[in-house]
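Visitor: let me see the structure of the following:
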Amino acid sequence: MFNIEDLNPSQRDAVLCIDAPSLVIAGAGSGKTRVLTYKIAYLLEQGMEPWNILALTFTNKAAREMRERIATLVSPEKAASLWMGTFHSIFARILRVEGHRLGYDTNYTIYDTADSLSLVKMVIREMKLDEKVYKPNAVQSRISTAKNRLVLPSGYSSVQEFRENDAFYHRTLMPEIYNRYQERCRQANAMDFDDLLLNTWLLFRHNPEVAAHWQERFHFVLVDEYQDTNFAQHQIIRLLTDRRQRVCVVGDDAQSIYSFRGADIDNILRFREVYPGAKLFKLERNYRSTQTIVNAAGSLIRNNREQITKSVYSEKEVGNPIALFPAYSDTDEANIILREVQRAHRAGVPYKGIAVLYRTNAQSRKIEDGFLQGRVPYHVYAGTSFYQREEIKDMLCYLRLSVNPYDEESLRRIINKPARGIGDTTVGKLFLEARRTDRPVWDVLRAGTCPDLNSGTQARLKSFREIIEGFHESAATDDAYTLALRVAKESGLQEYYFSGHEPEDVSKQENFQEMLDGIASFVADSQEQGLGISLSDYLQDASLATDFDRNTAEKDADQVNMMTIHSAKGLEFPVVFIAGLEEGLFPSELSAESPRELEEERRLFYVALTRAERQVVLTFAKSRFRNGRMEFSRPSRFIREIPEQYRTSRPSSGGESSQRAVPRIEQRMKPLYTQRTTPFAPRPSAPSPASSPQVLQGVTIGCTVVHDRFGRGVVQAIEGAGIDAKATVCFENAGTKVLMLRFAKLTVQ
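Guide: Sure thing, here's the model as predicted:
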């Protein structure tokens, strides 16, 4: 239950401020999520309706965790009614309602990065441009940058920075490419991720009555990780909060590390200038790390000039000094990391409690080689995500066409997959006719008026069109899983992917089946919770999932976590290794001439240090194989910025340090990393003495139940009757769920 006294004084002050704009600077491990969830609970306690609260996050995982915590503080029903989610998911939801004002219908497709890149490539080819000059990835990045700065194609040429950059790379036709790209998206009734921001801003900016409606809807706006917001996100938040000025942003300027994605640290540094009278709160107690780690990180970050000063502290044990291991080479560095990981594991640290962080992906190869030789299990958070695999993309494109036949990128991908005699020449003629007549390709396909196609080709196109039309008709009535099974069979994909027997074929089959299983689970979960189960609902959920969210199935395996520091933000581990602390590598050589970029590199190191709970191990190589040759390296300046009292140099071999003798690492770590777990012991809410316990389908308040997907739980509440009856169940691992009893697969124990 909600109790404001559970918070420390700084957290409590931040939560209680609800009548003025507020900026909460939350140092690493200081309980920012706790403040956000308690603040929302406090707003609800004060009488605000949940649908009048907007909470914006950067990941679906963060939104889920916050909603689950709020459900335990107030009620699952209120938590479910909150407008809470990522920027993109919330704005996509608004655009589903208001998009017609911009010329989109409610079934618009959301293009992911791969779809966007494919369309960019097609535009470049249609314009007969040299892809060595107009590199598709670079063009896509520039269009994305323009959108996140709220620059339309019509205003692109007026931005001096864009003009100069394009002239330098001889890409003078960028304005036309951008314009054509946007026209094609509109014709396909599609938006890319950046459009979800740009179009929301355009919607509010050019439709004052719409902006007023949503300002009236959201009485209070909360934003997580505000230091990561870009210009577009910042401007939309300003528009939404312009009337009431009731906004709370939470973040840490010391953890602003995503400028390459468009994040602007000035949004958090200048917040009080944008919102005069805003209150500043600082959460300075770190609950995660030892005093040594917190003090070392604080000493480091004080070297930055652009920051909101704070004094982060820890009341945990002093802990081990940060261990610094110099290595002769990158190979030696990999061996040191292997040895120390094995020592930590022997001392009782599970592999999954260890993270190896590095500045660039290329650094992982040597370390992986070492782990393979030493038989240390590991997982690299990189590579092709599930939804980007060939077989999954093919199925997704069929599903997307089933909802929105005007999706040209999906149509192009699967019109001849599996092969049905519609070759590239035919596809090219279809698209050429569409461009010539300024019509969507689907309209050309429906009309059957494309010239220069023989009767056999026309028949094959008609057959394909009728398949998609059949799926489209069913999308209005069938649930996502029912339609997905039909699509898999009638499209020919199921037979196509299940015809081989090689290991690669088996892998694709497993992935294909996993997708179908996932859709089935989505439908079952949504149905039980009273949410949408249509194919459109599923596609939005799949499109907005982040790559890191998709890795959750692998996170529980006992294996060392390997990742770039950027990927590690928001995570924590008992033991953290930070590799490659050399000038030119970390900080990167690109930051040498820019004080602003150097400060971001320092913030990146700060993030790396503060991922650790108990032990940090730093390594650097005196020589490293780079660019085809061995190069000598100097230790990173960041090492010197950690006071000697917080670190100790360790030998690169097995002997004792020459500076001072210290016990072996595993001996000093062992008592700090004893894993303590508390068995699950849910305490269900007791029924009111004035009412008798409700009994529905054998389910009663306080009874233990088992669900076929969520596992074991305890019924906390029952409301409604008959087909509308709902049960609130607290599951051991899945959190609290509100389930429709007529659909819930519950077994009473």
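Visitor: which stretches in the stretch 101-250 of the chain count as helices?
Guide: Taking DSSP state H, counting those that start in this stretch to define them, one finds helices in the stretch 101-250 of the chain at 113-126, 136-148, 160-168, 174-187, 193-206, 208-217, 231-241.
Visitor: between the ones you listed, which one is closest to Asp505.
Guide: Nearest to Asp505, of all the helices of the stretch 101-250 of the chain, is helix 113-126, at 22.5 Å by Cβ to Cβ. For the C-beta atoms, the positions are set from N, CA and C on the backbone; glycine is no exception.
Visitor: any idea of the angle the closest one forms with helix 174-187?
Guide: Relative orientation of helix 113-126 versus helix 174-187 (axes from the mean of the first three to the mean of the last three Cα atoms, to 10 degrees): 120 degrees.
Visitor: off-centre distance for helix 113-126?
Guide: Distance of helix 113-126 from its chain centroid, counting by Cα atoms, centre = their mean, to the nearest Å, is 24 Å.
Visitor: what of stretch 323-330?
Guide: 33 Å.
Visitor: how about stretch 282-299?
Guide: The answer for stretch 282-299 is 26 Å, by Cα atoms, centre = their mean.
Visitor: in that stretch, which residues are buried?
Guide: By neighbour count on 16 or more other Cβ atoms under 10 Å, the buried set for stretch 282-299 is 282-286, 288-298.
Visitor: return the set of buried residues in stretch 729-749.
Guide: For stretch 729-749, by 16+ other Cβ under 10 Å, it's 729-731, 734-741, 744, 746.
Visitor: show me where the stretch 1-150 of the chain has strands.
Guide: 22-26, 53-57, 83-86, 109-111 (DSSP state E, counting those that start in this stretch).
Visitor: average model confidence for the first one?
Guide: Here strand 22-26 scores 96 as its mean pLDDT.
Visitor: which strands border that strand, and is each parallel or antiparallel?
Guide: Based on DSSP bridges, the pairing partners of strand 22-26 within the sheet are strand 247-251 (parallel), strand 279-283 (parallel).
Visitor: could you do the last one as well?
Guide: In its sheet, strand 109-111 lies beside strand 190-192 (parallel), with partners assigned from DSSP bridges.
Visitor: show the average pLDDT along the partner strand.
Guide: 95.
Visitor: sorry, back to before: min pLDDT across the buried residues of stretch 729-749, which one?
Guide: Ala734 (62).
Visitor: quick revisit: save the strands paired with strand 22-26 as CSV, and put in mean pLDDT and distance to His88 too.
Guide: Formatted as CSV, those follow (pLDDT from 0 to 100; distance: least, Cβ to Cβ, whole Å):
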stretch, mean pLDDT, distance to His88
strand 247-251, 96, 18
strand 279-283, 96, 27
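Visitor: low-confidence regions, the stretch 401-550 of the chain specifically.
Guide: For the stretch 401-550 of the chain, the stretches flagged by pLDDT under 70 are 501-503, 544-550.
Visitor: pick out the most distant pair among the buried residues of stretch 729-749.
Guide: Farthest-apart pair in the buried residues of stretch 729-749 is Gly735 and Leu741; separation 18.6 Å (Cβ to Cβ).
Visitor: nearest to Ile53, of the helices of the stretch 101-250 of the chain?
Guide: Closest to Ile53 of those is helix 208-217 (Cβ to Cβ; 9.9 Å).
Visitor: need the residues that contact the closest one.
Guide: With contacts defined as Cβ atoms under 8 Å, 6 or more residues apart in numbering, helix 208-217 is touched by 51-52, 94, 98, 101, 203-205, 239-244.
Visitor: can you do 6 Å?
Guide: Contacts of helix 208-217 with the rest of the structure, by Cβ atoms under 6 Å, 6 or more residues apart in numbering, involve 98, 203-204, 239, 243.
Visitor: just checking, Thr290 touches Gly319?
Guide: Yes: the criterion here is Cβ atoms under 6 Å, and Thr290 meets it with Gly319 at 2.7 Å.
Visitor: and Glu216, how many neighbours?
Guide: By other Cβ atoms under 10 Å, the residues close to Glu216 number 11.
Visitor: pLDDT at Tyr42, what is it?
Guide: 95.
Visitor: then Gln694?
Guide: Confidence at Gln694, expressed as pLDDT, is 47.
Visitor: in the chain, where is pLDDT below threshold?
Guide: 1, 382-386, 501-503, 544-556, 625-630, 651-697, 708-709, 733-735.
Visitor: excluding chain neighbours, what is closest to Arg205?
Guide: The shortest distance from Arg205 to any non-neighbouring residue, by Cβ to Cβ, 6 or more residues apart in numbering, is to Leu239 (7.1 Å).
Visitor: how close does that neighbour sit to His213?
Guide: Noted for Leu239: a distance of 12 Å to His213, by Cβ to Cβ, to the nearest Å.
Visitor: higher neighbour count, the two?
Guide: Between Leu239 and His213, counted using other Cβ under 10 Å, the more crowded position is Leu239 (16 against 13).
Visitor: isn't the more buried one right up against Leu203?
Guide: No: using Cβ under 6 Å, Leu239 is not in contact with Leu203; the gap is 9.5 Å.
Visitor: ok, the closest residue to Tyr406 other than its chain neighbours - contacts?
Guide: Nearest residue to Tyr406 in three dimensions, chain neighbours excluded: Asn189, at 4.5 Å (Cβ to Cβ, 6+ apart). Neighbour list for Asn189: 108, 404, 406 [criterion: Cβ under 6 Å, 6+ apart].
Visitor: give me the neighbour count for the last one.
Guide: Here the number of neighbours of Tyr406 (other Cβ under 10 Å) works out to 20.
Visitor: phi and psi next, for it.
Guide: When quoted as degrees, to the nearest 10, the phi and psi of Tyr406 stand at phi -80, psi 0.
Visitor: surely it meets Asp443?
Guide: No: in this structure, Tyr406 is not within contact of Asp443 by Cβ under 6 Å, at 8.1 Å.
Visitor: closest one to Gly584 out of the buried residues of stretch 729-749, please.
Guide: Ranked by distance to Gly584 (Cβ to Cβ), those are led by Gly735 at 45.5 Å.
Visitor: any idea what the closest residue to Gly698 other than its chain neighbours is bridged to?
Guide: The shortest distance from Gly698 to any non-neighbouring residue, by Cβ to Cβ, 6+ apart, is to Val748 (5.0 Å). Under the criterion DSSP bridges, Val748 forms beta bridges with Val705.
Visitor: residue ranges for the strands of the stretch 501-650 of the chain, please.
Guide: Going by DSSP E, counting those that start in this stretch, the stretch 501-650 of the chain shows strands at 560-564, 573-578, 612-621, 623-626, 629-632, 647-649.
Visitor: how about the spatially closest residue to Gln140 that is not a sequence neighbour, what does it touch?
Guide: Residue nearest to Gln140 in three dimensions, not counting chain neighbours: Val120, with 4.7 Å by Cβ to Cβ, 6+ apart. Listed by Cβ under 6 Å, 6+ apart, the contact set of Val120 reads 136, 139-140.
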